[in-house]
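here's a sequence, model it:
(2 chains)
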Amino acid sequence: MNSPMVRDTESPLRLKIWIKLVEPELTPKEMAEEVHYLQADILDLNGLEKTRFSFSTISRAEQVMRDGVSFDLPPDRLPALLKRLCDRLDHRPLNTLVLIQYSQTKLQIQTYRSEDLYGILAAAEALLPPDSIYLAKAEAYSRTQGEISPAEDAVLEVLRQRLNLDEAVAKQLKAKALGPYKTLKAKRQRFQEVLMVELARQSPLADDTWAVLQELADNLGLPQPEAWGIYQDQLQQIQAEAEAIRQLQIAETEAAQRRAEAEQRQAAAERQQGSRQEHLDQYQQMVRQALQNNLYPLTFDQGRLEQARQIWHISAEEASQFEETIRSELYGRIDSAIGMDYSRLRQLLWEKAWQKADEETENIVLKALRQNMEPLDRDAILQLPCVDLSTIDQLWSRYSQGKFGFKAQQQAYYEVDRRPLDFLQLLAWRGNTVSLNRGLKAYTQLQFNLGAPAGHLPTWRWCCPSLESGYEVSDSVVEAMFLHLDKCFSLGQPLPAFGPLSRTQGV
Amino acid sequence: MVTTSLQSDWSLMDLNDLLMAEEWQAADKVTQSLLLDAVGQPENSSLSPEAIAQIPCQTLHSINHLWVEASRGQFGFSVQQQLYQALSPEFDTTDVFNPFNPHPFCQAVGWLMVGFPRPLAFFKFYNFLTFSLDAPPGHLPALWYWQLAWQDSWRVGGFGTGRGAGFADVAMLDAMMLRLSRCSQI
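Prediction:
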């Protein structure tokens, strides 16, 4: 701590004190103890805690030992010091030499009686210029409390009167003692300002910086505990602020991290979505390839598809849906309004198994409309759903390049102006009526190949009770069938303006 | 169509009893009654292809089941249908209306008269059918085919007493087989 020394050089208001024990009887050990106690007593005094001592020595019987101390003393502390020394003498009357020096003036006394020693006080005070005593007192007050309290003010007033100082001068001195910052509050504020600037540069402060600030506190007249308190408060505040900022930063970092994670997740989900779509596309491509030449995937392709399906996490339902969609695209749709399954019919037609396809057509139609598989009559025919008729027609037409199917039959019917018998003959379902068996043909005599006349297939065997004794379609069935087909599909050509025989006959 | 007004005196229970007793001829007669009853025709009338086409599948299934069970697979509609289908490729369809061209099925089940040197195209008289398990598979039931109306009997060359001595008539046979085939799709 160098601040008192700095202050020494600045302030002339210093008394130099020498105290020496003049007791030849004392043993060196006792002497050392006494000097030690003396030192301790002085340090014990208020405002003298930081006193620095020099020691005087004496050489006795070829032995060097300490016999006294010298130190600087603030003038206002002189009465206290003398009183303490008197107390010491009362306690143990040792012959003591006390020398007080102010500037060039010295005052010396050697006594073992306290009364003598105390008598020197007035003389000592007279040594000093009255204003310096007043100033020293004011400074002392100012330093200890940071400002001058009313009680201290009263003491200073008494002192002023005793010193016979002019009131204006006393006021000036008091202001000087207080420094530019009169009140504790102002000092605190100033110290805090400087402290803040320092703390802004480094926090916490380095030791030497703190030392400089302590010096500033001294110079401001701000008590050290106050300065320390302010420093700690500020430090705490700064740390709290730093902590708050740190928390904020952590929160921000976490939020940013969360945002980044969310973005990552979304990106991953999008990627997955993207790759899922890719997988689905790829899978569908595989299905398409597998179905290119086969209505149903070969065993080998089935294995590959199943593997791909599992790798790409495609559900079995989804996979079969893809397969059916693509199959419908490639081989014809098999929609039904009444839940009929046309896949077997499609397969048979794809295989060009015409007769079996014809049997399957009957099977579907009878199942659709008849609980008991009885042949269809006129009324039942009218109940065939158009969707299903369209599906059947579309399948037959597709695999015969338009030769077979209901539309081909409808076309033939228009060509013969809606005459049922001519229609049957045009389709080669019936021969010459004047020949044996009225031109009826056994079902197995029909042509189940593409060489057959247009519209020859599918047959309407679903209206026949027996087939081998003659595939016979009645006029009323023909009429009912076309009445219904006309309702379901328009061939894109106007119907004959005047209903031919069939119309008037049939209905 | 099936109506309830014409209730047969016979039931599936009776048929079952007769079959269990191996009373084959009586069982054939009850079978015919049940079939006629199922399509709303009086007893002793005869079935037509159109009528056969309307026999409820359930009736055919039930009757067939009893015959197959009792004969341990020797008799019954399903036995006949299997034979008919198996032999159809051998049938000359270009000559389907020739009365001297019976369906090979007729010979296989032993329904044709036996002459020399080969089976004739004429059908046996009903009473000369074999009403025992010695008969060929599919031999029975037969009355559904034999029982013809008087005029139909004459038409097929019989003597007004049913199928006996008559020529082949593919319509009835085919109608029953087609009916059985359609019913088997359910």
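
CA only for contacts and neighbour counts going forward, please
Noted.

mind checking if stretch A:372-391 is in reach of chain B?
Yes. Applying CA under 8 Å from any CA of the partner chain, one finds stretch A:372-391 in contact with chain B at A:372-375.

and these, which two are the farthest apart?
A:Asn372 and A:Pro375 (9.1 Å; CA to CA).

out of those two, which sits in the busier spot?
Just comparing A:Asn372 and A:Pro375: by other CA atoms under 10 Å in any protein chain shown the higher neighbour count belongs to A:Pro375, 23 against 17.

next, count neighbours for the closest residue to the more buried one other than its chain neighbours.
Spatially, and ignoring its direct neighbours in sequence, A:Pro375 is nearest to A:Cys463 (4.6 Å; CA to CA, 6 or more residues apart in numbering or on different chains). Using other CA under 10 Å, A:Cys463 has 22 neighbouring residues.

quick one: low-confidence ranges for chain B?
Residue ranges of chain B with pLDDT under 70: B:1-8, B:96-97, B:115-120, B:150, B:157-161.

all strands of chain B, in order?
B:112-114, B:119-123 (DSSP state E).

list the strands paired with the first one, with their directions.
Translated: strand B:112-114. strand B:119-123 (antiparallel) (DSSP bridges).

go through the strands of chain B and pick out the most buried.
Across the strands of chain B, averaging neighbours per residue (mean count of other CA atoms under 10 Å in any protein chain shown) puts strand B:119-123 on top, at a mean of 21.

report the contact partners of the residue nearest to A:Pro375.
Residues near A:Cys463 by CA atoms under 8 Å, 6 or more residues apart in numbering or on different chains: A:375-377, A:473, A:477.

ok, so of the residues you listed, who is nearest chain B?
Each of these was checked against chain B using CA to the nearest CA; the closest is A:Pro375, at 6.9 Å.

what about the residue in the stretch 101-250 of chain A positioned nearest to chain B, helix or strand, and which?
Going by CA to the nearest CA, chain B is nearest to A:Ile250 of the stretch 101-250 of chain A, at 75.1 Å. In this assignment (DSSP states H and E), A:Ile250 forms part of helix A:224-292.

could you list every helix and strand in contact with that helix?
For helix A:224-292, the elements it packs on are helix A:184-201, helix A:207-220, helix A:299-311, helix A:316-331, judged by 3 or more CA pairs under 8 Å, 6 or more residues apart in numbering or on different chains; DSSP states H and E.

export those helices to CSV and tack on mean pLDDT?
Supplementary listing: these in CSV, determined by pLDDT from 0 to 100:
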stretch, mean pLDDT
helix A:184-201, 81
helix A:207-220, 81
helix A:299-311, 87
helix A:316-331, 88
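
between the ones you listed, which one is nearest to B:Glu23?
Closest to B:Glu23 of the helices and strands packed on helix A:224-292 is helix A:299-311 (CA to CA; 53.6 Å).

would you mark the buried spots in the closest one?
Neighbour-count burial for helix A:299-311 flags A:301, A:305, A:308-309 (criterion: 16 or more other CA atoms under 10 Å in any protein chain shown).

thinking again about what came up before, which of the strands of chain B sits closest to B:Asp37?
Here strand B:119-123 is closest among the strands of chain B (CA to CA), at 25.9 Å.
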